[in-house]
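# compute the structure for the input listed below.
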Amino acid sequence: MNKRAAVLCAAAVVMAGTVTAVPAGASPSHAAEPARTAKPAWKGCGTTAQPALQCTSLKVPLDHTQPDGKQITLALSRVPHTAKTYQGPLLVNPGGPGGRGLSLASFVASALPKAVSAQYDIIGFDPRGVGKSTPALDCAPGHFGPVRPDSVPSTEAIERANLKRARSFAAACGKKYADLLPYIDTVSAVRDMDAIRAAVGAPRLNYFGYSYGTYLGAVYAKLYPQRVRRLVLDSIVDPTGVWYEDNLTQDLAFNDRHRALMAWIARYDKTYKLGSDPEKVETKWYAMRAALGRKPAGGKVGASELEDTFLPGGYYNGYWPHLAEAFSAYVNHRGADRLVEAYENFAAVDAAGDNGYSIYTSVQCRDAFWPRDWDEWRADNWSVYTKAPFMTWNNAWYNAPCAFWPTRPLGPVNLADVELPPALLFQATEDAATPYEGGATVHALLRGSSLVVEDGGQNHGITLSGNTCLDKHLATYLRNGTVPRGAGEVDAVCKAQPDPKPLGSKVAARTAHGSTLHGLLGFRG
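Residues are numbered from 1 along each chain as shown. You can find the predicted model right below:
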């Protein structure tokens, strides 16, 4: 394990005392069983890849304190167990907030060893407001249509234009969904998860979540500790920074990953012809950004869209060869086509993306306290920008509607002193979206949990992505509940997978699951 991992693990014990209060109505432990609902009527909705897939819907209260009040509908998917040994439902979530989970059930069922997946009903779900669940939110269709103002507010006019977008989005959500927004939050989603558990007749729940899904799972564990059977968290949100501080921390980590991409491109100068000095390659990238700010490529890719396009490279290095080719084509041949293609593949926002962003903001703005004084945002983000220019202002504007959100915040859930059966946590040391501190902190907060670290791992979402060492720990835990136990703060260490190669070279088969998983996890979550 590298020194950074060891230091951060030691620091987690100190950070554990900084959690905030449990929001109103989110008291933990022995909660009453949800009101009984009709047993879900599963129907076949199989695909070629997963012919056994089934689908159904479940009605839940909009407000769980009013079980007989207005109902909403959750969309569920399931790959049913086939083994004689049945270990109950395994609920899976891809993150977000706003991530669609229906397809994740099929992926997890096919990516786990058959002998393990066959013992579970693997259940995916679109959380409230998302995808095929109804009602599905879309506050402002086309909000991310190109070309947006430059993300860096280098002039008052640019700042005003970005502020106008943020205010108008918040206002649109408040106008269209005034009756729903007070109930689009993590605690309400957790209540929905327990309703799913009750509806399928399980006394306890098995859960596997990525990214924001780790916060969802941890909050479930806090509110319903007696109903947790097995808990897997991969790429872990730091609950002590929800959500303003977590986003500022992300900016620094994403800048590191962007610089790592520049260094990778420099190693393959013969392929990309952008130079062999990482600093000079990075200079060319920012020169490209400035040029696109003056003249967007194909009328679509301006400075902000370029950041959107390269942001996925911070989540998954399997995208690096595609991004490098687009970068090279633009700089060396002034070709807009490859850059526009990369934008459309990695960054363009469709109706599903509009829905995802509407839920992202609705949950994060409701979950936590955000500064209401824009001067505070301005000062904090300019300070971080001096150290991390790649993503800071792009990320600030992505979250800026929370400065103007029409519903009051609940405040994050206090995750201290959660006693559970052994939980299994996975964290990469160089993860940008959920930096290492999150895994170390949650390991300290969840008593008896086990932390498996991918040393040098760069990606967000690391299990079922080709690392056999990590996947062995996951399969063992799901098979019999066994977790590794180490002498220090980290219980097991797995070596990171190698960097990708340029397109056209032999690509190892390990990338197949990785690319599928990261397509399901998406970005920003």
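# CA only for contacts and neighbour counts going forward, please
Noted.
# which stretches in the protein count as strands?
Per DSSP state E, the chain carries strands over the ranges 43-44, 54-61, 71-79, 89-93, 121-126, 205-210, 228-234, 418-419, 424-428, 446-447, 450-455, 492-495.
# lowest average confidence across those strands, which one?
Note on these: strand 418-419 shows the lowest mean pLDDT, a mean of 88.
# what lines up beside that one in the sheet?
Take DSSP bridges as the rule and strand 418-419 pairs in its sheet with strand 446-447 (parallel).
# and the strand it pairs with, how far from the chain's centre?
Distance of strand 446-447 from its chain centroid, counting by CA atoms, centre = their mean, to the nearest Å, is 22 Å.
# ok, stretch 305-317 next?
The answer for stretch 305-317 is 14 Å, by CA atoms, centre = their mean.
# contacts for it?
Stretch 305-317 is contacted from outside by 146-148, 254, 257-258, 261, 289, 292, 319-320, 323, 342-343, 346-347, 390-391, 394, 431-433, 458-460, 499-500, 518, 523, using CA atoms under 8 Å, 6 or more residues apart in numbering.
# which of those count as buried?
Among those, those buried by neighbour count (16 or more other CA atoms under 10 Å) are 146-148, 254, 257-258, 261, 289, 292, 319-320, 323, 342-343, 346-347, 390-391, 394, 431-433, 458-460, 500, 518, 523.
# where does the stretch 401-525 of the chain have low pLDDT?
Low-confidence segments of the stretch 401-525 of the chain (pLDDT under 70): 505-512, 525.
# follow-up on the earlier one: just the ones of the contacts of stretch 305-317 in helices?
When DSSP state H is applied, the contacts of stretch 305-317 are split such that 254, 257-258, 261, 289, 292, 320, 323, 342-343, 346, 394, 518 fall in helices.
# closest one of these to K132?
The closest of these to K132 turns out to be H518 (CA to CA; 20.6 Å).
# list the contacts of that closest one.
Listed by CA under 8 Å, 6+ apart, the contact set of H518 reads Y316, G461.
# for T407, same thing?
Residues near T407 by CA under 8 Å, 6+ apart: G174, L181, P182, R366.
# how near is N394 to K295?
Distance of N394 to K295, given as CA to CA, to the nearest Å: 19 Å.
# let me redo that: V219
46 Å.
# mind checking which of those two has more residues around it?
Counted by other CA atoms under 10 Å, V219 and K295 do not tie: V219 has more neighbours, with 25 against 14.
# the more buried one reaches A416, doesn't it?
No - in this structure, V219 is not within contact of A416 by CA atoms under 8 Å, at 10.6 Å.
# list residues touching both of the two?
Counting by CA under 8 Å, 6+ apart, V219 and A416 have no common neighbour.
# hang on, the earlier thing: farthest pair in the ones in helices among the contacts of stretch 305-317?
Using CA to CA, the two most remote members of those are L292 and H518, lying 27.6 Å apart.
# now the closest residue to R78 other than its chain neighbours: how far from G302?
Of all residues not flanking R78 in the chain, I123 sits nearest, at 4.4 Å (CA to CA, 6 or more residues apart in numbering). From I123 across to G302, the span is 40 Å (CA to CA).
# again with P34
P34 sits at a distance of 49 Å from G302 (criterion: CA to CA).
# ok, which stretches of the stretch 101-250 of the chain are helices?
Using DSSP state H, counting those that start in this stretch, the helices found in the stretch 101-250 of the chain span residues 102-111, 114-117, 156-176, 186-199, 212-223, 244-267.
# chain center to the second one, what's the gap?
What it means is helix 114-117. On CA atoms, centre = their mean, the centre of helix 114-117 falls 26 Å from the chain's centre.
# how about residues contacting that helix?
Residues contacting helix 114-117 (CA under 8 Å, 6+ apart): H81, A83, V108, A109, S110, A475, L478, R479.
# buried set for stretch 141-154?
In terms of neighbour count (16+ other CA under 10 Å), stretch 141-154 has its buried residues at P141, H143, F144, P146, V147, R148, P149, D150, S151, V152, P153.
# distance between the ends of it?
End-to-end for stretch 141-154, by CA to CA: 27 Å.
# do me a favour and average the pLDDT over that stretch.
On average, stretch 141-154 scores 98.
# shift numbering so it begins at 46
Understood, numbering begins at 46; the last thing we discussed is stretch 186-199.
# ok, residues contacting it?
Outside stretch 186-199, the residues that touch it by CA under 8 Å, 6+ apart are 203-204, 206-207, 214, 338, 341, 344-350, 393-396, 399, 438-439, 442.
# same thing but at 6 Å, please
Stretch 186-199 is contacted from outside by E204, K345, G347, A348, S349, W438, N439, using CA atoms under 6 Å, 6 or more residues apart in numbering.
# which one of the residues you listed sits closest to G254?
Nearest to G254 among the contacts of stretch 186-199, counting by CA to CA, is N439 at 26.2 Å.
# for that closest one, which non-adjacent residue is closest in space?
Among residues not flanking N439 along the chain, S196 sits closest, at 5.2 Å (CA to CA, 6+ apart).
# neighbour count winner among P79 and G347?
Higher neighbour count among P79 and G347: G347, with 26 against 18, using other CA under 10 Å.
# now that one. Its backbone dihedrals?
The phi and psi values for G347, taken as degrees, to the nearest 10, are phi -90, psi -160.
# count the neighbours of the closest residue to it other than its chain neighbours for me.
Distances taken as CA to CA, 6+ apart put P341 closest to G347, at 4.3 Å, once the chain neighbours are dropped. By the criterion of other CA under 10 Å, P341 has 21 neighbours.
# just V235 next, same as before
Using other CA under 10 Å: V235 sits among 22 other residues.
# how far away is the closest residue to it other than its chain neighbours from L523?
Distances taken as CA to CA, 6+ apart put Y265 closest to V235, at 5.5 Å, once the chain neighbours are dropped. Going from Y265 to L523 by CA to CA gives 19 Å.
# how about S403?
Taken as CA to CA, the span from S403 to L523 is 34 Å.
# ok, G363 next?
27 Å.
# L98 now?
Distance of L98 to L523, given as CA to CA: 20 Å.
# list the contacts for I281?
Listed by CA under 6 Å, 6+ apart, the contact set of I281 reads S256, T259, T479, G483, G484.
# same check, this time on Y260
Here Y260 is in contact with V282 (criterion: CA under 6 Å, 6+ apart).
# confidence score at it?
As predicted, Y260 sits at a pLDDT of 98.
# next: A57.
Note on A57: pLDDT of 32.
# burial of the residue nearest to V235, as a residue count?
25.
# all set now, cheers.
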